[in-house]
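K.L.:
coordinates only, sequence not included:
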C-alpha cells in the first residue's frame, strides 16, 4: 500500500450531487454470520463491496457456506488446523471467534500484525466459559487463536464487560440460538455502542429468533431460524463523510438514496448531531437529502459519542475545521481500533494548529491557533476512517494529500470516485 491521493477543490464550493452508498458493513457482516448459522435459510441482499465484508464472505464460502458473492481464498492447512486469515478485518475477527467455536473443525484464526495487537481476550474467555476450546498461539489475550469446535457447552450463563467492544456481545448473541442450552448473557457495567447490540437483536428477531432483555441480562433460548431475506441498508458511517462535506462547503445539497431516517444503524445519529453544524436532514421519495445553510442548533457542553464511536473522527475533524472548541466523551474504544485513533487525531489535527487533550475521559478541542496551510499531508495509520475524515478539508485547504489512499477499501471502496462526482479533484501520486 503506497499510493497517495492529492485532493483539491477549485471554483465555486457549492455542492449539489447524488451519491449511492454501498451497503452497511455492520449490517452485512451480521447478516452473513446469521445466514451461515441458519445454513442458508436466511438470504442476504445488497451486500457491501467493502473489503471487510468481501473478506468475511470469502471466508464463509471457503468454510462451506455458499453466499451471494464469491470471496478470496482463505482456506489453507497448517499443522492440521484450517487457517482462517481475516487480514485487517476486526469485525470478522470478533464474529468468527464465536462462529468457529460453534462449528465443527480445527481452526487457526489470525490476521495482520496490527490485528495481533488488538485484544480478543474478553471474548475468548467468555467463549471458554461456555465450553469453547480456544488457545492463544502467540500472546495471551490476542490473536492468533486456535479454535477446536464445536464447543461442549458447560453453562448457559456468561458475563462480559459492556464498555470495551459491543462486537464481543454481538458475536455471542448470534451463536446463542444454536447452542444446546441457549445463552444468558450478563453485561457488566455500562454498555457502550448499545445501538450495535440493538441492531444484532433486531436482525435476529427478523429471522425468527426471540430474545428477552431485562436490566443487564439478555437471554436467548435454543431456536431455529426461519426462512427470510435480510436486505442491507446503505452505510450510515459512509454517509457521515457527506455530512462533513456539507458542513465545510459554502452551500450543499446532497441526496443519499435508500438511506432511512429511522435505521438499525447507530451511526444514523449523525442526523441529529450535525444540526450542531447547521446541517439539516430531510426525507425524500427515494431516501434522504442533507442541506447546509440551516440555522445551527446549540452544541452541548460535552458531546457524548459512546453510542456511535465510528463517527468520532468525522465529528472531531469537522469541529476543528470550523474552529469550535468542543468537548467529547465516549471515546474510550478508539484506542483499540485499526490504530490508536486518539493519538492519530492528535497528530494530524496539530497540522492545522488544533490540539485534542484528554482529562478524566473528557477530550477537549482547542482551536485558538487554527490555521490552514496551502497544503497538508495526512497520515492514515492504516485506518480507513482517518483518510475519509480528513479528505473533506480540501474544501478549506488548497491541497490535502492523503497517504495510503487504498485504506478506504476497508469500508467505502468508491470513496475517491464519489468525491470526484461531487466536484473534488483527486490525483493519484
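P.N.:
In hand now; what should we look at? Everything numeric here is computed off the predicted structure, so don't read it as measured data.

K.L.:
Which helix or which strand is home to residue 59?
P.N.:
Element membership for residue 59, per DSSP states H and E: helix 51-62.

K.L.:
just how off-centre is that helix within its chain?
P.N.:
16 Å (Cα atoms, centre = their mean, to the nearest Å).

K.L.:
could we number from 2 for the rest of this?
P.N.:
Sounds good: first residue 2 from here, last item helix 52-63.

K.L.:
Counting by contacts, list what that helix packs against.
P.N.:
helix 26-38, helix 91-103 (3 or more Cβ pairs under 8 Å, 6 or more residues apart in numbering; DSSP states H and E). Every residue, glycine included, has its C-beta placed from N, CA and C.

K.L.:
who wins for proximity to residue 354 among these?
P.N.:
Of all the helices and strands packed on helix 52-63, the one in closest proximity to residue 354, counting by Cβ to Cβ, is helix 91-103 (31.9 Å).

K.L.:
So what touches the helix or strand just after that closest one?
P.N.:
Remark: after helix 91-103, the chain's next helix or strand is strand 106-111, criterion DSSP H and E. The contact list for strand 106-111, computed with Cβ atoms under 8 Å, 6 or more residues apart in numbering, reads 64, 79-87, 94, 97-98, 101, 117, 138, 144-150.

K.L.:
In helices only, show me the residues you listed.
P.N.:
Judged by DSSP state H, the subset of those located in helices is 94, 97-98, 101.

K.L.:
Look up how far residue 335 lies from residue 344.
P.N.:
9 Å (Cβ to Cβ, to the nearest Å).

K.L.:
Tell me the helices and strands packed up against the helix or strand harbouring residue 290.
P.N.:
Residue 290 belongs to strand 288-292 when assigned by DSSP H and E. Applying 3+ Cβ pairs under 8 Å, 6+ apart, one finds that strand 288-292 contacts helix 237-249, strand 252-258, strand 281-284.

K.L.:
hmm, back to that, quick one: which of the ones in helices among the contacts of strand 106-111 is nearest residue 128?
P.N.:
Using Cβ to Cβ, residue 98 is the member of these that lies nearest residue 128, at 6.7 Å.

K.L.:
Now do the contacts for the closest one.
P.N.:
So residue 98 contacts 110, 121, 124-125, 128, 135, 146, 148, 172 (Cβ under 8 Å, 6+ apart).

K.L.:
again with residue 313
P.N.:
306, 329, 331-332, 335, 342.

K.L.:
Just give me the least confident of those.
P.N.:
Lowest pLDDT among the contacts of residue 313: residue 335, with 87.

K.L.:
Please report the distance of that residue from residue 120.
P.N.:
Using Cβ to Cβ, one gets 14 Å for the distance from residue 335 to residue 120.

K.L.:
of the two, who's got more company?
P.N.:
residue 335 (23 against 15; other Cβ atoms under 10 Å).

K.L.:
where's that one relative to residue 292, distance?
P.N.:
Counting by Cβ to Cβ - residue 335 and residue 292 are separated by 30 Å.

K.L.:
same thing with residue 281?
P.N.:
Residue 281 is 5 Å from residue 292, by Cβ to Cβ.

K.L.:
Likewise for residue 260?
P.N.:
Counting by Cβ to Cβ, the separation of residue 260 from residue 292 is 14 Å.

K.L.:
again, but for residue 348
P.N.:
33 Å.

K.L.:
Also residue 342?
P.N.:
Computed as Cβ to Cβ, the residue 342 to residue 292 distance reads 29 Å.

K.L.:
Let me know the average pLDDT across stretch 52-68.
P.N.:
84.

K.L.:
buried ones in it?
P.N.:
Going by neighbour count (16 or more other Cβ atoms under 10 Å), the buried part of stretch 52-68 is 52-64, 66, 68.

K.L.:
How about stretch 412-425?
P.N.:
Of all the residues in stretch 412-425, those buried under the rule 16+ other Cβ under 10 Å are 412-417, 419-420, 423-425.

K.L.:
Can you give me the end-to-end span of it?
P.N.:
End-to-end distance for stretch 412-425, by Cα to Cα, to the nearest Å: 20 Å.

K.L.:
do the same with stretch 253-265
P.N.:
First residue to last in stretch 253-265 (Cα to Cα) measures 26 Å.
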